[in-house]
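**Q** Got a sequence here, can you build the structure:
(chains A, B and C)
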Amino acid sequence: MKLSTDFYQVKEVTQIARNLLGKYLFTNINGEISGGFIVETEAYAGIIDKASHAFGNRLTNRTKTMYEAGGIAYVYLCYGIHEMLNVVTSTEGEPHAVLIRAIHPTEGIDLMLERRNMASIKNNLTAGPGSVAKALGISRKMNSLSFLSEEIWIEDRGLVFPEDEIAAVPRVGVAYAKEDALLPYRFYVKGNLYVSKPNR
DNA sequence: GAGATGATTAGCT
DNA sequence: GCTAATCATCTCC
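**A** Purely as a prediction, here's the structure:
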């Protein structure tokens, strides 16, 4: 069953990032369904997170999607090539988001291979945020689309990882962020082949 | 209206 | 490991 709006509107973005592991993300592009369960996420805590587009309460045409109520997609382009899928969380006015970094594909694998121009399935099919978006056919057209829509949604199928199979680690490259640098904002399933990199 | 830049990835060394 | 690719968005003039 699809996750309800309540799931996304919890205030603690890290809790949602943690809970999203093992949930199933699907897209329906022109009637073709593909997706899998999430194995790696990263939390972006709005205005206090230097890595966030909304750091310092910055509000622009692009970032305004993050300020909306939780339960919608925030898709944007980075480095001119890569489109990334974020889940907007919390309530209206709080620009929190969870970046989907990797999924374990379960449905529509042929379709994903085609989109990625790959001949056979490899662990890097959906490892890394840019790869996930490309494999699922996600584009900026889906920005601000609800996760209760027919084009993209997240399901709970009862898959739960025990605590000791989940790693919560500090993000890299944020040493300058003082006490925030120690916060475990990156979550992934230990040992899963589709995690982008075990310890980056 | 122009110039700098980045929540990355792939491919070469 | 290291570096090039590549463009929407933001910022400043």
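**Q** neighbours around the residue nearest to A:I121 when sequence neighbours are not counted, how many?
**A** Closest residue to A:I121 apart from its sequence neighbours, by Cβ to Cβ, 6 or more residues apart in numbering: A:I109 at 6.0 Å. To be clear about C-beta, it is placed using only N, CA and C from the backbone, and glycine gets the same treatment. When neighbours are defined as other Cβ atoms under 10 Å, A:I109 has 17 of them.
**Q** Pull out the buried residues from the host helix or strand of A:T41.
**A** Assigned by DSSP states H and E, A:T41 falls within strand A:32-45. Using 16 or more other Cβ atoms under 10 Å as the test for burial, strand A:32-45 gives A:34-45.
**Q** Tell me the pLDDT of A:I121.
**A** On pLDDT, A:I121 comes in at 89.
**Q** re earlier: want to try a markdown table for the buried residues of strand A:32-45, with distance to DNA strand C as columns?
**A** As requested, the buried residues of strand A:32-45 are exported to a markdown table (distance: Cβ to the nearest atom of the strand, whole Å):
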| residue | distance to DNA strand C |
| --- | --- |
| A:S34 | 24 |
| A:G35 | 25 |
| A:G36 | 25 |
| A:F37 | 28 |
| A:I38 | 25 |
| A:V39 | 22 |
| A:E40 | 19 |
| A:T41 | 23 |
| A:E42 | 19 |
| A:A43 | 20 |
| A:Y44 | 15 |
| A:A45 | 18 |
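**Q** of those, closest to DNA strand B?
**A** A:Y44 (4.9 Å; Cβ to the nearest atom of the strand).
**Q** quick one: the residue nearest to A:I121 from A:G22, how far?
**A** Distance of A:I109 to A:G22, given as Cβ to Cβ, to the nearest Å: 19 Å.
**Q** Need the phi and psi values for the residue positioned nearest the centre of chain A.
**A** Most central in chain A under Cα atoms, centre = their mean is A:I100, positioned 1.8 Å from the mean C-alpha point. Main-chain dihedrals, A:I100, degrees, to the nearest 10: phi -90, psi 110.
**Q** Okay, strands next: where are they in chain A?
**A** For chain A, applying DSSP state E gives strands covering A:24-29, A:32-45, A:73-78, A:82-89, A:96-107, A:152-155, A:166-169, A:186-189.
**Q** how far out from the middle of the chain is the last one?
**A** It refers to strand A:186-189. Centroid separation for strand A:186-189 versus its chain: 11 Å, with Cα atoms, centre = their mean, to the nearest Å.
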